[in-house]
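In: need a structure here:
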Amino acid sequence: MGVSTEARTVTSEAGEAWRQLRALATDPEVLARLREEFEALGLTLGVAKALLRLSPTEPNAMRQLAGALHCDNSYVTTVVDALEERGLARREAHPRDRRVKVVVLTAAG
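Out: Here you go, the predicted structure:
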């Protein structure tokens, strides 16, 4: 069984959209503009990325955040420290495993 022409077109269009998004996300001019905007808000690019990754409804394990940001746990500690200093998030013990720390957005976050 072959794939229909319509399905190939949708797949091709989706692939092109992803290629364009990837190019936009790595464009030096776009990144510089984002950095400027975040700095105007008092945020580093790393802190802003973390803020965008946090769920507004579910706590995020620090380990999960490190994976989402593709960084090590010690960097996430620094990022979450910055979020806490600005009142955008707070650390809490995981509801079922108190050994795990989760990050919860505040109303300001």
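In: where does this protein have low pLDDT?
Out: 1-10 (pLDDT under 70).
In: ok, longest helix in it?
Out: Counting residues, the longest helix found in the chain (DSSP state H) is helix 5-25.
In: now name the helix or strand holding Arg90.
Out: strand 89-93 (DSSP states H and E).
In: helices of this structure, start to end?
Out: With helices called from DSSP H, the chain shows them at 5-25, 28-40, 45-53, 62-69, 73-85.
In: mind saving the C-alpha coords of the longest one as CSV?
Out: Output for helix 5-25, consisting of C-alpha atoms alone and laid out as CSV, is shown next (Å, rounded to 0.1, in the frame of the first residue of the first chain):
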residue,chain,number,x,y,z
THR,A,5,-0.4,12.2,-2.4
GLU,A,6,-2.3,14.3,0.1
ALA,A,7,-0.5,12.5,3.0
ARG,A,8,2.9,13.1,1.3
THR,A,9,2.0,16.8,0.9
VAL,A,10,1.0,17.2,4.6
THR,A,11,4.2,15.4,5.6
SER,A,12,6.3,17.5,3.3
GLU,A,13,4.7,20.7,4.6
ALA,A,14,5.1,19.7,8.2
GLY,A,15,8.7,18.9,7.6
GLU,A,16,9.3,22.3,6.0
ALA,A,17,7.6,24.0,8.9
TRP,A,18,9.8,22.2,11.4
ARG,A,19,12.9,23.1,9.3
GLN,A,20,11.9,26.8,9.3
LEU,A,21,11.2,26.8,13.1
ARG,A,22,14.6,25.1,13.7
ALA,A,23,16.3,27.8,11.6
LEU,A,24,14.5,30.6,13.4
ALA,A,25,15.4,29.1,16.8
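In: so which other helices or strands are in contact with it?
Out: Helices and strands touching helix 5-25, by 3 or more CB pairs under 8 Å, 6 or more residues apart in numbering; DSSP states H and E: there are none. Where C-beta positions appear, they are placed from N, C-alpha and C, glycine not excepted.
In: at 10 Å instead, please
Out: helix 28-40 (3 or more CB pairs under 10 Å, 6 or more residues apart in numbering; DSSP states H and E).
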